[in-house]
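[1] just to be clear, the model below is a prediction. Sequence and coordinates:
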Amino acid sequence: MHRIYAPWVAGLGILAFAVGPVFAQTQSLPVRKAGLWEVTIRGAGDSMMRQQKVQQCTNEEVESIMLLSVVPGQEHCHDVAVKKPGKGHEIRTMCYVHDNRVEAAVELSGDLQAAYRGVFEVKYSKPVRFNPGRTEFEGRWLGACKAGQRAGDMLLPNGATVNVVDDRKHAEAHGHQGHEGHKH
């Protein structure tokens, strides 16, 4: 996990924050309208996770990374399946954080132009300290990205801005593998 995420990750209670998935089939993923999105994340049911909000500046070029950046463990994804039952989307990923396989199931509904909502659940192959369980999220479009923001910027609840696209490129440039034995 990249060090810059540590304060927010601890506050959100997610072990591994998405630096960005590597998608072979980006054309099949849903795409939100370009601009600034506010995404609210909260635990479902009896989850102890409190509500958190992030703002994401996105465009068509980075959307395959930004869309699922609130879902834990979306690093080094090797398997992505997208189904479109009715008006929603079902997305399943198999990714790796070091040698821990992370399987995520995401359901999205909404027009992705003004608002959307969804739920995700992740399962780990090895025990983790904190698994958020079933988590609800909803996004609403705020308008154009703010002056000085770049596509890929995410404003975290602690006030820090990170660029998840740059962070993924940095990790890949330094040879960080998702787990032993897998190639990208």
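    That came in fine, so what should we check first?

[2] next one: the helix or strand where K53 lies to chain centre, how far?
    Following DSSP states H and E, one finds K53 within strand 52-58. How far strand 52-58 lies from its chain's middle: 10 Å, per CA atoms, centre = their mean, to the nearest Å.

[3] list the buried ones in whatever helix or strand comes next after that strand?
    Toward the C-terminal end, the helix or strand that comes next after strand 52-58 (DSSP H and E) is helix 63-66. Using 16 or more other CB atoms under 10 Å as the burial criterion, the residues of helix 63-66 that qualify are E63, S64, I65, M66. From N, CA and C alone the C-beta is placed, and that goes for glycine too.

[4] tally up the residues packed near the closest residue to the last one other than its chain neighbours, please.
    The shortest distance from M66 to any residue other than its chain neighbours is 4.3 Å, reached at T58 (CB to CB, 6 or more residues apart in numbering). Using other CB atoms under 10 Å as the criterion, T58 is surrounded by 27 other residues.

[5] wait, T58 touches A34, no?
    Yes - contact criterion CB atoms under 8 Å: T58 and A34 qualify, at 6.2 Å.

[6] overlap of the contact sets of the two?
    A151 (CB atoms under 8 Å, 6 or more residues apart in numbering).

[7] how close does the residue minimising distance to the centre of the chain sit to A147?
    Residue closest to the mean C-alpha point of the chain, counted by CA atoms, centre = their mean, is S69 at 1.6 Å. Counting by CB to CB, to the nearest Å, the gap from S69 to A147 is 22 Å.
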